[in-house]
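Asker: Sharing a model prediction with you, sequence too.
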Amino acid sequence: NAGVTQTPKFQVLKTGQSMTLQCAQDMNHEYMSWYRQDPGMGLRLIHYSVGAGITDQGEVPNGYNVSRSTTEDFPLRLLSAAPSQTSVYFCASSPGQGGLGYTFGSGTRLTVV
Amino acid sequence: EDKVVQSPLSLVVHEGDTVTLNCSYEVTNFRSLLWYKQEKKAPTFLFMLTSSGIEKKSGRLSSILDKKELFSILNITATQTGDSAIYLCADTNFGNEKLTFGTGTRLTIIP
């Protein structure tokens, strides 16, 4: 049982490049989400999904796309990276119990130069 | 929109001291208030407080929820250097499963 797996752990991009952050969970959780964490800002919700085929925007969605074709996977795409997207990104999944059982991935540290 | 405010933003104390971290929240249709500890990696779960469970304790850590005044506190007694971390609180509502986080409190314990 691996929990939530994020790849890569570190990435450096040039401005304008695109990339996909991968997230997979093996707990059969319906709810998955992406957060970014910046110094002094806590974790802010980017996008979330309540099940396969269903996604919605969070607090800071601009510049990011998501899709949810399977229950297990929830990739986050940066279409044209900007320095403002330099951050630590966390993927999380939940069984839908009001926060109980929320599981976070180990994070991806992204630097855009 | 949900709003979660934590104070202080940072705190430096000596080993053995007791600390109190604060979290106030504004949320429609409140469901739960959660506390997390974050060291170098992902947040790790500490407590969940709800309308039916307003007080939790685990070893030197304890937390209470004041449903009327809409705040929670996290107490750590006899602090140790291993308690140094960012402490995050977050709330959820019954409309969805989203966690809304505060900015966190960075706690540093000096030996």
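Answerer: Perfect, thanks for sending it. What you see is a predicted model; the values in this text were computed from it and never measured.

Asker: for the helix or strand harbouring B:Arg31, packing partners?
Answerer: Assigning secondary structure by DSSP states H and E places B:Arg31 in strand B:30-38. When contacts are defined as 3 or more CB pairs under 8 Å, 6 or more residues apart in numbering or on different chains; DSSP states H and E, strand B:30-38 packs onto strand B:19-26, strand B:44-49, strand B:71-76, strand B:85-93. Just so you know, the C-beta spots here come from the backbone N, C-alpha and C atoms, and that holds for glycine as well.

Asker: got the angle for it vs strand B:85-93?
Answerer: 160 degrees (axes from the mean of the first three to the mean of the last three CA atoms, to 10 degrees).

Asker: how much space between the most centrally placed residue in chain A and B:Ser58?
Answerer: By CA atoms, centre = their mean, chain A has its centre lying nearest to A:Trp34, at 3.0 Å. Going from A:Trp34 to B:Ser58 by CB to CB, to the nearest Å gives 29 Å.

Asker: cool, A:Gly98 as well?
Answerer: Taken as CB to CB, the span from A:Gly98 to B:Ser58 is 19 Å.

Asker: Equivalent analysis for A:Gly53, please.
Answerer: In terms of CB to CB, A:Gly53 sits 39 Å off from B:Ser58.

Asker: need the contact list for the closest residue in space to B:Gly95 that isn't next to it in sequence.
Answerer: Among residues not flanking B:Gly95 along the chain, B:Asn29 sits closest, at 6.0 Å (CB to CB, 6 or more residues apart in numbering or on different chains). In this structure, B:Asn29 makes contact with B:Asn93, B:Phe94, B:Gly95, judged by CB atoms under 8 Å, 6 or more residues apart in numbering or on different chains.

Asker: how many other residues sit next to residue 63?
Answerer: By default, I'm working from chain A. 14 (other CB atoms under 10 Å in any protein chain shown).

Asker: Sorry, I should have been clearer: chain B.
Answerer: B:Ser63: 24 surrounding residues under other CB under 10 Å.

Asker: Could you list the paired strands of the helix or strand containing it along with their orientation?
Answerer: In this assignment (DSSP H and E), B:Ser63 forms part of strand B:61-66. Taking DSSP bridges as the criterion, strand B:61-66 forms sheet pairs with strand B:55-58 (antiparallel), strand B:71-76 (antiparallel).

Asker: List the buried residues for that strand?
Answerer: Neighbour-count burial for strand B:61-66, counted by 16 or more other CB atoms under 10 Å in any protein chain shown, picks out B:Leu61, B:Ser63, B:Leu65.

Asker: any chance of these in JSON lines, with pLDDT too?
Answerer: JSON lines is the format used below for the buried residues of strand B:61-66 (pLDDT from 0 to 100):
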{"residue": "B:Leu61", "pLDDT": "98"}
{"residue": "B:Ser63", "pLDDT": "97"}
{"residue": "B:Leu65", "pLDDT": "96"}
